[in-house]
Structure formats: structure tokens, C-alpha cells
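Engineer: my questions are about this predicted structure, shown below with the sequence.
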Amino acid sequence: MKLALVTGANKGIGFETVKQLAQKDFFVYLGCRDTEKGLSAIKKLKAEGLNNVAFIQLDVTNQSSVEEARNTIAEKTGKLDVLVNNAGISGDFEQSALKTNTDVFYTVYDTNVFGIVRVTQAFLELLRKAPEPRIVNVSTAMASLNLAADIYGNSYPKRFVVYQSSKAALNMYTLHLAFELRDTPFKVNAVCPGYTQTDFTRHQGTSTPEQAGQRIVKYALIGQDGPTGRFFSEEYFPAPANCPW
């Protein structure tokens, strides 16, 4: 049985991603920093007949927590086939390039960028033990410099400077990671799940969590002839087109 880890997975897109991977016969570790919320999420999945899931305490902003989660999975399984870096935060609802305090930048980047680096580097050796390892970094079309470049236009929002710039940094990290792993079986991609109706968006959006999960799982399951080092946003740039960074 293949093994997967999804971070920030107690609700929303992460929860749906765990559910869909479990339905595809993966054993899935549901990563969540809050033990009570994580166990509650596992209870919901098992109530639906999905017993191939387990909670693992994982705070992506805490190096010790990341290492402990890595050690636990290593002892139990010895490998990892899929890593979905889903954990993310938005910061304040309105973020001004002129006024937003640097503390907000530090907080958001610690989860959206540094957290992904911590988790990816910690689990890299377990992923290397899988025959076809996959890393999916959950990003957003809001990180597209191309879309945001029309400074006076309203084609895309420019009021989330911290969140958008953090995801742009994540996209660049994804590119570099894929490049350094180019001569290995790894496939590393960034995926926009779409404008999804979750707590994150105050339940506004054009996509359901189920649709968002499908977009992420698709790239967790790609074959060896599939892409790597790419950004996919199928809601805004229908496949096979991809966002021009």
C-alpha cells in the first residue's frame, strides 16, 4: 500500500485530499497541529468507512514537531510515497504593501514558505525510498506575477500582499526543488486548488472542496511520464495550459 502525508488536513481542502487519497487505497497520515481537531477529523473519515487513515501531530512552524512526525512515520513505515504540503494561512484580510507590519510577513511566511521547506527537507529521505515519490505544494493563481502585473487594472486582486508574495515564493521554491531532483524519479509540482468554498475564503468561491481535492490528488498520482517543476491552475488556466510565472 502506498503512503501519503497531507499537512494542515483537519478540514477544508486538506481534509478532502486525505479522503480522496484514502479512497484510492493509500494509507494517509492526516497532519494537524491541534490533536483534538486532528482526531476529530479521523473519526469523521472512519465513520465513512475509511480505516486506512491516521492522525499525526504536525506543526509546520515547529522544527521539533516536524522531526518528531518524521521519526514516527519512519518507524512505522520506513518510506513515504506522497507528500502534500497543504498547510497555509492567509494573514489579515486586508494587507497593504504600504502599511502591513513585518510581523505579519514573518508569521505568514513561517507557515507558507518556511514550513514547506521544513517539512519537505525532513521527509526527503523517506520519499527517496519510494519508487515514484511525489510532492505537491498547494499554491494559488493569486501568486501569478503575470496576472498581478496590470497595476491599475482590476483583473486580479492586489490587496493580499503578504499571502500572495508568500505563495509566489513557494512557487519559486517548487521550481528549484524540482530542478535539483530532475535526475530522480521525483515529480514536484505546485497546484492551485481553485477559489474554494472553505473557512479560508469565508465560504465564498467557485469550487467545492471536493473539486479542489481532485485537482491536488491528480498531481499526486501522475505517472513517470508526467510533468515536474510546473504550476497548475486548472480553474483559471484549463489543462494542459499552465500559468506563466
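Structural biologist: Now that the structure is in, tell me what you want to look at.

Engineer: burial count for Ala149?
Structural biologist: Neighbourhood size, Ala149 [other Cβ atoms under 10 Å]: 11. Where you see a C-beta, it was placed from the backbone N, CA and C, and this is true even at glycine.

Engineer: ok, Asn171 next?
Structural biologist: Residues near Asn171, counting by other Cβ under 10 Å, number 19.

Engineer: how much space between it and Arg230?
Structural biologist: Remark: distance between Asn171 and Arg230 (Cβ to Cβ, to the nearest Å) = 10 Å.

Engineer: who touches both of these two?
Structural biologist: Common neighbours of Asn171 and Arg230, using Cβ atoms under 8 Å, 6 or more residues apart in numbering, are Ala190.

Engineer: and the helix or strand where Lys19 lies, average pLDDT?
Structural biologist: Using DSSP states H and E, Lys19 sits within helix 12-23. For helix 12-23, mean pLDDT is 96.

Engineer: packing partners of whatever helix or strand comes next after that helix?
Structural biologist: Downstream of helix 12-23, the first helix or strand assigned by DSSP H and E is strand 27-32. In terms of contacts (3 or more Cβ pairs under 8 Å, 6 or more residues apart in numbering; DSSP states H and E), strand 27-32 is packed against strand 3-6, helix 12-23, helix 35-47, strand 53-57, helix 63-76.

Engineer: in CSV, list the ones you listed along with mean neighbour count and distance to Arg159.
Structural biologist: Formatted as CSV, the helices and strands packed on strand 27-32 follow (neighbours: other Cβ atoms under 10 Å; distance: least, Cβ to Cβ, whole Å):
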stretch, mean neighbour count, distance to Arg159
strand 3-6, 28, 29
helix 12-23, 24, 22
helix 35-47, 15, 29
strand 53-57, 19, 34
helix 63-76, 16, 32
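
Engineer: turn these into a markdown table, columns for distance to Ile216.
Structural biologist: Putting the helices and strands packed on strand 27-32 into a markdown table (distance: least, Cβ to Cβ, whole Å) gives the following:
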| stretch | distance to Ile216 |
| --- | --- |
| strand 3-6 | 9 |
| helix 12-23 | 5 |
| helix 35-47 | 17 |
| strand 53-57 | 16 |
| helix 63-76 | 20 |
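
Engineer: these two touch, right, Leu126 and Asp81?
Structural biologist: No - counting by Cβ atoms under 8 Å, Leu126 stays clear of Asp81, with 9.2 Å between them.

Engineer: longest helix of the protein?
Structural biologist: Counting residues, the longest helix found in the chain (DSSP state H) is helix 161-180.
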